[in-house]
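Engineer: A structural model of the following input is requested.
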Amino acid sequence: HQQQHQRNTVLAQWQVRPGLRVERGPDWRWGNQDGGFGSVGIVIGTERSGWCTVQWPSGTTNGYRVGDGGKFDLQQAGPKRAWPASGSNQGRHPGAQTAQSSRGGTGCWCID
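Structural biologist: Below is the predicted model of the structure:
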């Protein structure tokens, strides 16, 4: 079955605060600075008008637009998900499916 995801909220300057969990927004143009699609960072500061500073899981810290020039690089991340660590899908996304490949290995993909 497929899970429906609630659309995350694009962040404006007045909504940003230290400790807020964020991810890529609709105007993201910074490649993989965040560690890749789906990575969640933490706001650590709001120094300039329309910008804030985020630290990503890799430790990288950088500034992102939250309204400057009408652009929004960030959106609020969804709630943390605690995935079970038992069973054959240990450490995988709960929507992941597995299958045997023709080469004898196991593949994994997400359907949500």
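Engineer: Could I get the contacting residues of residue 71?
Structural biologist: 27, 65 (CB atoms under 8 Å, 6 or more residues apart in numbering). All C-beta atoms are positioned from the backbone trio N, CA, C, and that covers glycine.
Engineer: Also the one 4 residues further on?
Structural biologist: Shown here is residue 75, whose contacts under the criterion CB under 8 Å, 6+ apart are 8, 9, 10, 11, 22, 23, 24, 25, 26.
Engineer: And residue 73, by the same measure?
Structural biologist: Per CB under 8 Å, 6+ apart, neighbours of residue 73: 24, 25, 27, 28, 29, 30, 64, 65, 66.
Engineer: Next: residue 15.
Structural biologist: By CB under 8 Å, 6+ apart, the neighbours of residue 15 are 9, 66, 76.
Engineer: one more time with 6 Å, if that's ok
Structural biologist: The contact partners of residue 15, by CB atoms under 6 Å, 6 or more residues apart in numbering, come to none.
Engineer: how much space between it and residue 31?
Structural biologist: Applying CB to CB, to the nearest Å, the value for residue 15 to residue 31 is 25 Å.
Engineer: Likewise for residue 78?
Structural biologist: Distance from residue 78 to residue 31, by CB to CB: 22 Å.
Engineer: Compare those two (neighbour count), which wins?
Structural biologist: residue 78 (14 against 7; other CB atoms under 10 Å).
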